[in-house]
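K.L.:
Just need the structure, nothing else, for what follows:
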Amino acid sequence: MNGVRDAVRIVLVLACVLFQAIAASAQSGYAVKSPDNRIEIQIRIAKDIAYDVLLNGKPLLKDATLGMKIADKALGENPVVKSAKKDSADRVLEPVVRQKFAKIRERYNELRLEMEGGYTVVFRAYPEGAAYRIETTLGGSDVKVYSESAAFRFAGDYTVFYPAEESMFSHNERKYLPHALKEIPAGTLATLPAVVVADNGVKIAVAESGVEDYPGLWLRGTGDNALTATFEHYPLKEQLEKDRDFKVVEAADYIAKTKGTRTFPWRVLGIAERDDELVTNPIIWLLEKPSMLEDTSWIKPGKVAWDWWNFNNIFGVDFPAGVNTQTYKYYIDFAAKYHLEYIILDEGWYELGNVLKLSPDINMEEITAYAKQKNVGVILWVVWKTLDDQLIPALDQFQKWGVKGIKVDFMQRNDQLLMNYYYKVSSECAKRKMLVDFHGAQRPASLTRTWPNLISTEGVRGMEWSKWSAETDPTHDVTLPYTRMFLGPMDYTPGAMLNAQKDSFHPVFKRPMSQGTRVHQLAMYVVFESPLQMLSDSPSNYEREPEAMEFLSAVPSTWDDSRPLDGKIARYVVVARRKGNDWYVGAMTDWSPRDLEIDLSFLPDGNYTVTAYQDGANADRVASDFKKTTFTASKSSKVKVHLAPGGGWAARIHP
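P.N.:
Numbering: from 1, shown residues only. Model prediction:
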């Protein structure tokens, strides 16, 4: 009997060993950590490709998955790893256009998992977050991508600032409102980024980067702890409504038609232990494709006198204000006086539907010649579809006029055709040394490294909304630096000189005002990133505000250094930025009055002159009330400031 028992034991032990061997062969584990060892991606290869993301050993995402259906292959199903290779980088990059920094240190560790079936999954861990992308080697001919799956499963039922959308035909101008993940109904669509608040206040911004020849990423709720990816399908038939709403009325059963051998976009998780770290997190820019341009010496960021928001409400002149040559020469004089680099001619300068047919009161040769004489550049607004129909002759004519850039509007789509359009327009404008500012969609915000002449983008609920609603209030304003601005520059169009508190605000399309205080508006020029920064109000209103114009004339639109000083998402923000030897500080609050202490320890040694703009004693009643002060400070100084409801604080600090 003992012999039988021993034999049974041996059989059981062998079966256990065999089972463990089979289990080990069926599931393999890999990991990659960021260079500072804070962020770790743990990958499991079993029936699918799953991963966790951890911060300081604590899971943020758990059992997230990825995959793609392309041609006749289901990438990520029953995956088999052929090889695993690690790589790393530590280098300093110099952006052509300095949105945040003159130099950006890029540090990451990378894991490349080459899989059977002609694809590779690349994971990267940065100090600023985590990312992955799929690469394929399926031959050079076109293949169809039927779907891409990405399930971002979080480790708990966290709060998410979720920019919910009604449809994929959208300007992407949503509010970022907090919801519990499980409270978002399954299928609820959102634009980017979704910013998730994990335990201990850690923020995870879900986004993408490096999109080329592929549709943009959208998110959907699941009614659970996950957000999933979805995409616009490839357009087969489109229909134009009026001159600008070019809608897809029939779509294919695939999302992209592209090369079989290529890299696909990065799926990005920006990670910040403190809220204010999101404001200067560069991971989206780092993952973008490097510049396509060899000569970038002609690219000139700057500030712009803008006509549309203020409805051309200039006064004290001897001619009727409007979309006419005399009005734009007035704008040029204003821009030259205050050292603004550009003016914009917005809607009305051409007859809608034909960008080569000028409105009767516009003499473009006279306007551009006058602007050149005054050393001011001219930028022209255009509807995207009209421009696309006349692209080459239109751009050639703009170049002949001496136009310095275009503002392209109303795309409202991010399918593969439109993403390719952003590349085409950026490329054709670069050939003619022209800037591009894309409105009407959000996705170009993450293409500005690839196309440095793509100088700014909208896709944000900006101040134009104050012309018809109360939707751009101070709470929204102090949410944007932690959400939409994470993607890249945003053309919010600040600068209102008619300011109102909540109880006195009302939308007036032809004579608009802003919500919050005057200094709340001034601080936007430091807090909000846009290398092509608008002055949205009337030159006549600015002329009545010499102290405000002293600040607006001097404040840069690009920065050599940026330091987040303090802030909480949807509550307040404090940022310091440097250009040359001058520092600027901007602070903004929501509708709550707030007392802050601003630590100036970021300053180098020495004494500095601080020219500060603070909310006036009665700014809680009269929002335009402010006070300008000047004092001396050093790196040991701490400045106590009071922000009125919807208020702000702005300062220029110079040696």
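K.L.:
Going by C-alpha atoms from here, please, whenever you check contacts or count neighbours.
P.N.:
Fine.
K.L.:
As a check, name the ranges of all strands in the stretch 1-150 of the chain.
P.N.:
Using DSSP state E, counting those that start in this stretch, the strands of the stretch 1-150 of the chain run over residues 28-33, 39-45, 49-55, 58-70, 73-75, 81-93, 104-115, 119-126, 129-153.
K.L.:
With respect to residue 162, which of those lies nearest?
P.N.:
Nearest to residue 162 among the strands of the stretch 1-150 of the chain is strand 129-153 (13.9 Å), distances taken as CA to CA.
K.L.:
Alpha carbons of the following helix or strand past that closest one, in CSV - could you do that?
P.N.:
Counting by DSSP states H and E, the element after strand 129-153 in chain order, helix or strand, is strand 159-162. Provided in CSV are the C-alpha atoms of strand 159-162 (Å, rounded to 0.1, in the frame of the first residue of the first chain):
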residue,chain,number,x,y,z
THR,A,159,-13.7,60.9,-10.0
VAL,A,160,-13.1,62.0,-13.6
PHE,A,161,-13.3,65.4,-15.2
TYR,A,162,-15.1,64.2,-18.2
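K.L.:
Which strands border strand 159-162, and is each parallel or antiparallel?
P.N.:
Using DSSP bridges, strand 159-162 pairs in its sheet with strand 177-180 (antiparallel), strand 194-197 (antiparallel).
K.L.:
Would you point to the one among the ones you listed that's packed deepest?
P.N.:
Most buried of the strands paired with strand 159-162 by mean neighbour count (mean count of other CA atoms under 10 Å) is strand 194-197; its value is a mean of 26.
K.L.:
tell me the contacts of residue 81?
P.N.:
Residue 81 sits next to 45, 113-116 when contact means CA atoms under 8 Å, 6 or more residues apart in numbering.
K.L.:
Can you select the buried ones from those residues in PyMOL?
P.N.:
Provided next is the PyMOL selection string for whichever of the contacts of residue 81 are buried by 16 or more other CA atoms under 10 Å:
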select buried, resi 45+113+114+115
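K.L.:
quick one: which of the contacts of residue 81 is nearest residue 158?
P.N.:
Distances from residue 158 to the contacts of residue 81, taken by CA to CA, are shortest for residue 45, at 26.5 Å.
K.L.:
pLDDT score assigned to that closest one?
P.N.:
Reading off the confidence values, residue 45 has pLDDT 98.
K.L.:
Ok, residue 4 next?
P.N.:
Residue 4 is given a pLDDT of 44.
K.L.:
again, but for residue 140
P.N.:
75.
K.L.:
One more: the one 10 residues further on?
P.N.:
Listed pLDDT for residue 150 reads 98.
K.L.:
For the strands of the stretch 1-150 of the chain, give me CSV that also has distance to residue 375.
P.N.:
Listed next are the strands of the stretch 1-150 of the chain as CSV, based on distance: least, CA to CA, whole Å:
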stretch, distance to residue 375
strand 28-33, 51
strand 39-45, 49
strand 49-55, 51
strand 58-70, 52
strand 73-75, 55
strand 81-93, 31
strand 104-115, 32
strand 119-126, 43
strand 129-153, 43
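K.L.:
between those, which gets nearest to residue 372?
P.N.:
strand 81-93 (33.9 Å).
K.L.:
partners of that closest one in the sheet?
P.N.:
Short version: by DSSP bridges, strand 81-93 pairs with strand 104-115 (antiparallel).
K.L.:
Please could you give me each C-alpha atom of the partner strand, formatted as PDB?
P.N.:
C-alpha atoms of strand 104-115 as PDB (Å, rounded to 0.1, in the frame of the first residue of the first chain):
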ATOM      1  CA  ILE A 104      12.900  70.000 -22.400                       C
ATOM      2  CA  ARG A 105      14.600  67.000 -20.800                       C
ATOM      3  CA  GLU A 106      13.300  63.800 -22.300                       C
ATOM      4  CA  ARG A 107      13.800  60.700 -20.100                       C
ATOM      5  CA  TYR A 108      12.100  57.400 -20.500                       C
ATOM      6  CA  ASN A 109      12.600  53.700 -20.300                       C
ATOM      7  CA  GLU A 110      11.100  51.600 -23.100                       C
ATOM      8  CA  LEU A 111      10.000  48.000 -23.500                       C
ATOM      9  CA  ARG A 112       9.400  46.600 -27.000                       C
ATOM     10  CA  LEU A 113       7.400  43.400 -27.200                       C
ATOM     11  CA  GLU A 114       7.700  41.900 -30.700                       C
ATOM     12  CA  MET A 115       4.700  39.600 -31.200                       C
END
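K.L.:
contact partners of that strand?
P.N.:
Residues contacting strand 104-115 (CA under 8 Å, 6+ apart): 31-35, 79-95, 120-127, 282, 286.
K.L.:
how distant is that strand from the center of its chain?
P.N.:
Its chain's C-alpha centre and that of strand 104-115 lie 23 Å apart, by CA atoms, centre = their mean, to the nearest Å.
K.L.:
Same question for that strand: list its buried residues.
P.N.:
Applying 16+ other CA under 10 Å to strand 104-115 flags 104, 106-115 as buried.
K.L.:
which one of the residues you listed is nearest residue 638?
P.N.:
Top of the list for closeness to residue 638, among the buried residues of strand 104-115 and by CA to CA, is residue 104 at 28.0 Å.
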